[in-house]
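Chemist: using only what follows, build the 3D model:
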Amino acid sequence: MQNKKMSAPRLLVGSFLVLILLGSLLLSMPWAAHTPTSYVDALFTSATSVCITGLLVVDTGTHWTLLGQIIILLLIQVGGLGVMAFAGFFAMLMGRKIHLRERLLMQQSINVSAVGGIVRVFKYLLGFTFLLEALGAIILAIKWAPLMGLKRALWFGLFHSVSAFNNAGIDLFGSFKSLTAFKHDITVNIIISLLVIIGGLGFYVCYELYNYRKNRKLSLHSKVVLFTTVILIVLGTVLLLAVEYNHALKALTPGHKLMAAFFHSVSSRSSGFSTLDINSLLLPSQLILIIFMFIGASPGSTGGGIKTTTVALMVAVVMAQLRGKKDIEIFERRIEDSDIYPSFTLFFMAIFLLLIMTLLVSLTNPADFTKILFDVTSALGTVGLSTGLSTELNAFGKVLLVICMFLGRVGPLTLGFALAYKKKQPEIHYARGKIMIG
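Modeler: Just a heads-up that it's a prediction; the model follows:
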């Protein structure tokens, strides 16, 4: 008899879809905004919050009431950690036993390879998240209290700490200016950057780092994530500093130039906060940001993109081919084909989606091609950096970006597995063939 229970990938996809629709209904209510909100704009805001993207069609700081902002904050938190994480959290609060099926859902939602010890990892995940967000909120509130008063500073600190850790990039400062008023503020830049980096590493990597003093070892996955993350941050900082030194960064001191370049190197791979006007950047800088947005954060994190490990595996394959080696090796470990194939599959699916969505948006919304490519990449990578295009789109264009954000959050592979039939493949091997390359 066929098992009619919904598979873990399908349930995860469905849970995000339901949360987006629920959020859109709440945000379309009259009490959620100061002025009437169209359903498309409410849907877009709900999607950008749940999918922790940060692209905006209405200004968060001025359009939404306090209740509307609270709804957005909750959508960011649940969307960032995953619906299944909160389901497991409430189950544990009620003292209910976590069964195997629920453990599988927890495993899928944070993208770890084994079910063993998943409940312990989840308890750490939730405690670590809330503690880090609270610390970030307190530091930001202390920093902003002289500017806006303690009560407002506490709310702003909490909102931006949660938004940063979950890599959402949504702010409350108004006029779509993000954090441009704080480009000289080292405290805001460092705290936001640290929250974004830690949130983008992946929960399992953070769990292993937490236990490193006891175990004195890291898995291959954690080593690859940490190494690739550091390389990308340094590379992005150097490139942006070199390109914009005498342009967008011209008016800043050398120290502030370095800080701004570092901030955008970190932010471009997932969070979407900005201390510079994206439209003021040169085309090479915008192309650099597009590449970094496409790469994104790491597996099992609050970030999107094709992920750092995908890029690392693809680079390892290319290096092995150039050296004439049969095995793909990273840190003196051989990588199986079962890990290589999904990486290339994910990469080409993401490229295909990017091209198709860019084409569809450009057909229905005449605009500069670079702006369209930038914002579509931002949506698919769930980043949130924007040239301002999202506010200029028609309803169909906004819906296309909602689809991009949804696909970027649940992951092309997860969506593919959720829709595919799990039929057992016959053990048939055809005769070998040869194709010329190059």
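Chemist: and the helix or strand in which residue 206 is found, what does it pack against?
Modeler: Assigned by DSSP states H and E, residue 206 belongs to helix 203-210. Counting contacts by 3 or more C-beta pairs under 8 Å, 6 or more residues apart in numbering; DSSP states H and E, helix 203-210 packs against helix 118-148, helix 220-244. C-beta coordinates here come from the backbone N, C-alpha and C atoms, glycine included.
Chemist: tell me which of those sits nearest to residue 192.
Modeler: Across those, residue 192 has its closest neighbour in helix 118-148 (8.1 Å, C-beta to C-beta).
Chemist: tell me the buried residues in the helix or strand following the closest one?
Modeler: Following helix 118-148 in sequence order, the next helix or strand is helix 150-165 (DSSP H and E). Using 16 or more other C-beta atoms under 10 Å as the test for burial, helix 150-165 gives 153-165.
Chemist: got a pLDDT number for the residue positioned nearest the centre of the chain?
Modeler: Compute the mean C-alpha point of the chain, and by C-alpha atoms, centre = their mean the closest residue is residue 303, 2.2 Å away. For residue 303, the pLDDT comes out at 80.
Chemist: doesn't residue 266 make contact with it?
Modeler: No - if you go by C-beta atoms under 8 Å, residue 303 and residue 266 don't touch, sitting 10.8 Å apart.
Chemist: contacts for the helix or strand following the helix holding residue 206, please.
Modeler: As assigned by DSSP H and E, the chain's next helix or strand after helix 203-210 is helix 212-215. Applying C-beta atoms under 8 Å, 6 or more residues apart in numbering, the contact partners of helix 212-215 are 208, 218.
Chemist: off-centre distance for helix 212-215?
Modeler: The chain centre lies 28 Å from the centre of helix 212-215; the measure is C-alpha atoms, centre = their mean, to the nearest Å.
Chemist: kindly export that helix (C-alpha atoms) in PDB.
Modeler: Taking C-alpha atoms only, helix 212-215 is exported to PDB below (Å, rounded to 0.1, in the frame of the first residue of the first chain):
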ATOM      1  CA  TYR A 212      35.400  22.600  19.700                       C
ATOM      2  CA  ARG A 213      37.000  23.100  23.100                       C
ATOM      3  CA  LYS A 214      35.700  19.700  24.200                       C
ATOM      4  CA  ASN A 215      36.100  17.700  21.000                       C
END
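Chemist: rounded mean pLDDT for that helix, please.
Modeler: pLDDT averaged over helix 212-215 gives 81.
Chemist: before we move on, what about stretch 59-79?
Modeler: For stretch 59-79, the per-residue pLDDT averages 94.
Chemist: stretch 198-205: end-to-end distance?
Modeler: 9 Å (C-alpha to C-alpha, to the nearest Å).
Chemist: stretch 157-172 now?
Modeler: 10 Å.
Chemist: isn't residue 80 right next to residue 161, touching?
Modeler: No - Residue 80 is not in contact with residue 161 according to C-beta under 8 Å; the separation is 11.9 Å.
Chemist: and the residue nearest to the residue nearest to the centre of the chain when sequence neighbours are not counted, how close does it get to residue 14?
Modeler: Nearest non-adjacent residue to residue 303, counting by C-beta to C-beta, 6 or more residues apart in numbering: residue 297, 2.4 Å away. According to C-beta to C-beta, to the nearest Å, residue 297 and residue 14 sit 24 Å apart.
Chemist: check residue 197 too.
Modeler: 31 Å.
Chemist: other residues contacting the helix or strand containing residue 321?
Modeler: According to DSSP H and E, residue 321 maps onto helix 308-323. Contacting residues not belonging to helix 308-323 are listed as 221, 224-225, 227-229, 232, 295-299, 326-330, 335, 339-340, 343-344, 346-347 [C-beta under 8 Å, 6+ apart].
Chemist: low-confidence stretches in the stretch 101-250 of the chain?
Modeler: Scanning the stretch 101-250 of the chain for pLDDT under 70 picks out the ranges 101-121.
Chemist: pull out the buried positions in the helix holding residue 206.
Modeler: Going by neighbour count (16+ other C-beta under 10 Å), the buried part of helix 203-210 is 203, 204, 205, 206, 207, 208.
Chemist: looking at those, which is nearest residue 437?
Modeler: residue 205 (35.7 Å).
Chemist: report the contact partners of the closest one.
Modeler: Contacts of residue 205 (C-beta under 8 Å, 6+ apart): 221, 222, 225, 226, 298, 300.
Chemist: farthest-separated two in these?
Modeler: 226 and 300 (13.6 Å).
Chemist: ok, the two, which is more surrounded?
Modeler: residue 300 (26 against 17; other C-beta atoms under 10 Å).
Chemist: which SS class is the nearest residue to residue 58 once chain neighbours are set aside?
Modeler: Nearest residue to residue 58, sequence neighbours excluded (C-beta to C-beta, 6+ apart): residue 41, at 5.6 Å. At residue 41 the chain is in helix, as set by DSSP: H, G, I helix; E, B strand; the rest coil.
Chemist: ok so, going back, for residue 197 and residue 14, indicate the residue with more neighbours.
Modeler: residue 197 (22 against 14).
Chemist: my guess is the more buried one contacts residue 266. True?
Modeler: Yes - using C-beta under 8 Å, residue 197 makes contact with residue 266 at a distance of 5.9 Å.
Chemist: what is in contact with those two at once?
Modeler: Residues touching both residue 197 and residue 266 (C-beta under 8 Å, 6+ apart) are residue 233.
Chemist: what about residue 230, how many neighbours?
Modeler: Other residues close to residue 230 by other C-beta under 10 Å number 11.
Chemist: check residue 253 too.
Modeler: Residue 253 has 10 nearby residues by other C-beta under 10 Å.
Chemist: equivalent analysis for residue 17, please.
Modeler: Count around residue 17 with other C-beta under 10 Å applied: 15.
Chemist: my guess is it meets residue 407, correct?
Modeler: No - using C-beta under 8 Å, residue 17 is not in contact with residue 407, being 11.4 Å away.
Chemist: now do the same contact list for residue 272.
Modeler: Contacts of residue 272 (C-beta under 8 Å, 6+ apart): 53-55, 167-170, 178, 378, 383-386.
Chemist: repeat that for 7 Å
Modeler: 53, 54, 169, 383, 384, 385 (C-beta atoms under 7 Å, 6 or more residues apart in numbering).
Chemist: also residue 196?
Modeler: 164, 167, 266, 267, 270, 271 are the contacts of residue 196 under C-beta under 7 Å, 6+ apart.
Chemist: ok, 8 Å please
Modeler: Contacts of residue 196 by C-beta under 8 Å, 6+ apart are 164, 165, 167, 266, 267, 270, 271, 273.
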